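Peer 1: Provide a 3D model corresponding to the input given below.
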Amino acid sequence: MHDDIPLTTGRARRVLDERITPAVHATAVPLDAAWHELPGEPIAPADGLALTFEPYEVGTPWGAAWGTTWFRLSGTVPVAWAGRRVEAVIDLGFDVNMPGFQCEGLVYLADGTPVKSINPRNQWVLIAEEAVGGETVEFFVEAASNPVLLDYHPFLVTHEGDIQTSSSNRLYTSRRMDLAVFESEVHELALDIDVLLELQAELPEGPRRMRILQALDDALDALDLQHIAATASAARAALVEVLAAPAEASAHRISAVGHAHIDSAWLWPVRETIRKVARTTSSMTELIGQTDDFLYGMSSAQQYAWIKEHRPEVYAKVKDAVAAGRFLPLGGMWVESDTVMPTGESIVRQFSQGQRFFEREFGIRPKGVWLPDSFGYSPALPQLMRRAGFEWFFTQKISWNQVNKFPHHTFLWEGIDGSRVFSHFPSMDTYNSRLSGSEVAKASRQFRENRLASGSIAPVGWGDGGGGTTREMTGTAARLADLEGSARVTWEHPDAFFDRARSELAHPPVWVGELYLELHRATLTSQHQTKQGNRRSEHLLVEAELWAATAAARTDFAYPYDELDVLWQQVLLQQFHDILPGTSIAWVHREAVERYAEIADRLEALIAAALSALAGTGDRTIVVNPAPSLQGGALAQCAVLTSDLAATTPVTLTEADGGFVLTNDLVRVVVDARGLVTSAVDLSTGRDAIAPGQVANLLQLHQDFPNMWDAWDVDRYYRNRVEDLVSVTSVSSSVDDGGVARVVVARAFGDSTVTQQIVLEPGSRTLEFDQTTDWHETEKFLKVAFPLDVRAEHTIAETQFGAQKRVTHTNTSWEAAKFETSMHRYVLVEEPGFGVALVNDSIHGFDVTRDAVDGHVTTTLRLSLLRAPRFPDPETDQGVQTHRYGLVVGTDVVGATTAGILMNTGSRTVTGGSGFGALVQASGDVVVSSVKLADDRSGDLVVRVYEPAGRRGTGGLAVDGPFGEPTEVTLLEETDPALPGVASSSVDGVHAFPVDAFEVRTFRFPRI
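Peer 2: Now for the predicted structure:
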């Protein structure tokens, strides 16, 4: 036979697109339309329904960027349509390729009942299953005219990303607002043909593919193109046999779950996300009601909380669907956060706030962590997930790797402490599946565990900007339930999938360490003020809890449970994986910075109130140390009168060779006339931290224009062009009354200026750099380099509750891909007997190079300070930016941990009657992470500690307050018989316990 494959497929595709699909709603009458464009922000639905409306004509432009237009649509069902399914079809000016990224709307009945959303892939609204002829119809559409920012030519500079700079021009032109008969048989025919067309494209040229092609030709021969509805059944009859052929016994099994992955902010502000969640959940509850087996999953307790507060009428439907087991709360977190940059306490609170909400609202605790789209995953997560009670982990983002293909889809992920969590990546490499033929075939073909395991997960629905699953997708799933040549598709709860996968893989493969994303590396640096606000808020929250718990234990101070919950939730929201990484529009980051300032003010007020209760009345000056280590003469987490502080030996500062020499009891530092550090000697060993002939504190400016994803990416070639910023406009020095030495350096470059204070304090190993940059560069990357005379095989970078090692060489493609990596408060390089660390107050990105001259190996660390991408925020990081970082000379992991803590948890001075001792004293090999009262408001004290150095040891806790014997608890502050606990009795009031490497332990002391 002749090869007619292209003829058949071309014919079928054109008939489907140009004749069959339009015939689904071909019989139609126009609705009467009226509108009201709001002049400002959205209003409550009840207020929208009560607006005064003016006549509107389809084809009239509507909607300025970020605007809201209310449409009132009304009409009468023609008598001839009696008994037929009638739908409204509304096209607001949609582009079917951009669901979630342009205009959309939520439909309401006149009584305020939400119906469903309309968007580019979901333009219909059910009016009646069996219409009554002559019946009047009226409903309303709250339409949002969100601008398209990620267009067909993506990453172009735009000012539409902030309502303060966006255009007032109307963006959209409506095309259709009709009542129409829904031709069910035509709709089903469209799905039949679409599924078979996509299936045959993935099959080899064998009997199955040929039978499908012949059936398609037979169906099209039976279809009268001028009478589609009348002949659709005949066409479908020709497809029955090929659609009924069952799948092979060994066919891959796809566990589908409805999904929308609504970004809590990204190319839209938080206020718009609230409405996106309401729109999507309305449609999903409606789709649940129209189907028998469809399941929809949604993560992020924050998004449920939003609709509870702002759209209670939608939330009521969600609650009913959850109770019916059809709407599945997933993930157990407050939001789908970034997991690389937040502190360990923040990750704990993501879990605790999320699980508390789900249990309170639905009586459900999700069993797994659902994070499909975060930009890499910290190796601290497995322990935290397990200690929070989670059984599994799901993501797909690592499939975005630029270089290396991840070797597993279902595996055990081992963290820094040795904890393992059962994990799965969907083998179709998407969290926005539409169950296309190519996606389903890919899931089966590339599944790495095919030898032993039977299937994979498919999150199904339009996502990022919401929209979710459509009836076309559920129709596709029904046809793929048992179809020859295809994987089997079943709607299934992820819990059931993980239970089955665990039983199939008795010995799953193991991945050890971080899940590094070989992409989006610049998210560690973009939008510095957002990252700085997060870091400051995290530490202030922990400090507020510490002093509030101490005051509540020792005075009549009322622990501020409600306010702390609210403030934690606000910080957790800003840790969403497109906010904290700096990849959202200007509006989002402007609001984030404003929110952080408000959070800081409220936390400072809480701290002041608690300290006032503790210090009592009086005018004596008191130094308060919130850090879990000695600071400024004050012991850990206590307060000391300044009159009781021991005197310190001032730093000496001398001039030499046009530069400066700063010396204290521990280190001697030489700063040259250009403000560059040429030597930093550990006086106890005589070792110089600076590589021979090199200079440190060297600011370097790179051109930075990645191939795509401007705010997200830095590409390796950025290193090829660099400018060393060595010119100075002024250099000066001083020693203050406290014996602190300073060298002040000012520089100018491009359109920017930078001023540094190089500071050495008495008794400190840390040379501190306080930097203020007035940044006005475009598409540039600012780094600061420290060439160190250390032969380091690894870098040791702080992560949550510990540290992770990365090799300094690039032997393999896996190591070479890690040319920009993450840190928290420190990064350390060391060789036997000597180490040097860099600490910081708001930096997360760094790089390392291994250098050698005549066999002498040195290591250069560079901190990433500022970027200037132009998409999605064209003014990223412009203006005044501040950084604090420090060079710690002669240290190890414990010393670097302490130095990093002190840089982020400074002492404060208050006035009162007396100092006070610590509520909790830790001893041995542990660091206190948090001291707080229990979430259940019992008044119990909760103390969390961790081992920071990666070695086994012992710890001890002593509590000076009205509390009884401790019990070890989970991160959710609950008992678990599997936990080892503490010594049954204390020695001198100290409760002792062993700790493993990087182990996190949480203890609960009952109030007595």
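
Peer 1: show me where pLDDT drops low in the chain?
Peer 2: Scanning the chain for pLDDT under 70 picks out the ranges 1, 983-985.

Peer 1: try 50
Peer 2: Under the criterion pLDDT under 50, no range of the chain is flagged.

Peer 1: center of it - which residue?
Peer 2: With distances taken as CA atoms, centre = their mean, the residue of the chain nearest its centroid is His577 (2.1 Å).

Peer 1: got a list of what that one touches?
Peer 2: 263, 336-338, 371, 373-375 (CB atoms under 8 Å, 6 or more residues apart in numbering). C-beta here means a position set from N, CA and C on the backbone, and glycine is covered the same way.

Peer 1: other SSEs contacting the host helix or strand of Lys319?
Peer 2: Take DSSP states H and E as the rule and Lys319 turns out to sit in helix 312-323. With contacts defined as 3 or more CB pairs under 8 Å, 6 or more residues apart in numbering; DSSP states H and E, the packing partners of helix 312-323 are strand 114-118, helix 270-290, helix 301-310, strand 327-329, helix 344-362.

Peer 1: now those as CSV including mean neighbour count and distance to Asp960?
Peer 2: Formatted as CSV, those follow (neighbours: other CB atoms under 10 Å; distance: least, CB to CB, whole Å):
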stretch, mean neighbour count, distance to Asp960
strand 114-118, 24, 55
helix 270-290, 24, 42
helix 301-310, 20, 36
strand 327-329, 23, 41
helix 344-362, 22, 22
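
Peer 1: a markdown table for these, including distance to Trp35?
Peer 2: Formatted as a markdown table, the helices and strands packed on helix 312-323 follow (distance: least, CB to CB, whole Å):
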| stretch | distance to Trp35 |
| --- | --- |
| strand 114-118 | 15 |
| helix 270-290 | 18 |
| helix 301-310 | 23 |
| strand 327-329 | 33 |
| helix 344-362 | 36 |
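
Peer 1: tell me which of those lies nearest to Gln446.
Peer 2: strand 327-329 (26.4 Å; CB to CB).

Peer 1: circling back: so for the helix holding Lys319, what gets flagged as buried?
Peer 2: Residues 313-315, 317-319, 321-322 are the ones in helix 312-323 that count as buried (16 or more other CB atoms under 10 Å).

Peer 1: just stretch 130-144 next, same as before
Peer 2: 131, 137, 139-144.

Peer 1: out of the helices and strands packed on helix 312-323, nearest to Asp417?
Peer 2: helix 344-362 (11.7 Å).

Peer 1: which helices and strands does that closest one pack with?
Peer 2: Looks like helix 344-362 contacts helix 301-310, helix 312-323, helix 381-387, helix 528-554, helix 561-574, strand 927-933, strand 941-946 (3+ CB pairs under 8 Å, 6+ apart).

Peer 1: distance to Val743 added to these, as CSV?
Peer 2: Below are those laid out as CSV (distance: least, CB to CB, whole Å):
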stretch, distance to Val743
helix 301-310, 46
helix 312-323, 59
helix 381-387, 41
helix 528-554, 24
helix 561-574, 35
strand 927-933, 32
strand 941-946, 36
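
Peer 1: indicate which one of those is closest to Arg349.
Peer 2: helix 561-574 (5.2 Å).

Peer 1: angle of that closest one against helix 301-310?
Peer 2: 120 degrees (axes from the mean of the first three to the mean of the last three CA atoms, to 10 degrees).

Peer 1: tilt between helix 561-574 and helix 270-290?
Peer 2: Computed by the same axes, to 10 degrees, the angle separating helix 561-574 from helix 270-290 equals 90 degrees.

Peer 1: okay, now the residue lying closest to Arg170 once chain neighbours are set aside: neighbour count?
Peer 2: Nearest residue to Arg170, sequence neighbours excluded (CB to CB, 6 or more residues apart in numbering): Pro61, at 3.9 Å. Pro61 has 13 neighbouring residues, counting by other CB atoms under 10 Å.

Peer 1: isn't Pro61 right up against Cys103?
Peer 2: No - using CB atoms under 8 Å, Pro61 is not in contact with Cys103; the gap is 11.6 Å.

Peer 1: name the residues contacting each of the two.
Peer 2: What both Pro61 and Cys103 touch, as defined by CB under 8 Å, 6+ apart, is the set 171-172.

Peer 1: quick one: the lengthiest helix in the chain to chain centroid distance?
Peer 2: Counting by DSSP state H, the longest helix found in the chain is helix 586-615. Computed by CA atoms, centre = their mean, to the nearest Å, the separation of helix 586-615 from the middle of its chain amounts to 22 Å.

Peer 1: got it, and stretch 101-113?
Peer 2: Per CA atoms, centre = their mean, the displacement of stretch 101-113 from the mean C-alpha position of its chain is 28 Å.

Peer 1: same check, this time on stretch 21-35
Peer 2: Using CA atoms, centre = their mean, the offset of stretch 21-35 from its chain centre is 41 Å.

Peer 1: can you offset everything so residue one is 41?
Peer 2: From this message on, residue numbering opens at 41, which makes the last subject stretch 61-75.

Peer 1: end to end, how far does that stretch reach?
Peer 2: 29 Å (CA to CA, to the nearest Å).

Peer 1: who touches it?
Peer 2: Against stretch 61-75 from outside (CB under 8 Å, 6+ apart): 93-98, 102, 109-115, 118, 121, 127-129, 164, 177, 217-223, 226-227, 230, 268-269, 272.

Peer 1: list the buried residues for that stretch?
Peer 2: In stretch 61-75, counting by 16+ other CB under 10 Å, buried: 61, 63-65, 67-68, 71, 73-75.

Peer 1: among those, which are in helices?
Peer 2: 61, 63.

Peer 1: between the buried residues of stretch 61-75, which is closest to Val928?
Peer 2: Nearest to Val928 among the buried residues of stretch 61-75, with distances taken as CB to CB, is Trp75, at 63.7 Å.

Peer 1: who does that closest one form a beta bridge with?
Peer 2: Per DSSP bridges, residues listed as beta-bridge partners of Trp75: Glu94, Phe111.

Peer 1: can you list the buried residues of stretch 170-184 in TSV and add secondary structure and distance to Tyr192?
Peer 2: Below are those laid out as TSV (DSSP: H, G, I helix; E, B strand; the rest coil; distance: CB to CB, whole Å):
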residue	secondary structure	distance to Tyr192
Ala171	coil	39
Val177	strand	36
Phe179	strand	33
Phe180	strand	32
Val181	strand	26
Glu182	strand	28
Ala183	strand	23
Ala184	strand	21
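
Peer 1: can you redo the residues you listed as JSON lines with distance to Met468?
Peer 2: JSON lines is the format used below for those (distance: CB to CB, whole Å):
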{"residue": "Ala171", "distance to Met468": "39"}
{"residue": "Val177", "distance to Met468": "40"}
{"residue": "Phe179", "distance to Met468": "37"}
{"residue": "Phe180", "distance to Met468": "38"}
{"residue": "Val181", "distance to Met468": "34"}
{"residue": "Glu182", "distance to Met468": "34"}
{"residue": "Ala183", "distance to Met468": "33"}
{"residue": "Ala184", "distance to Met468": "30"}
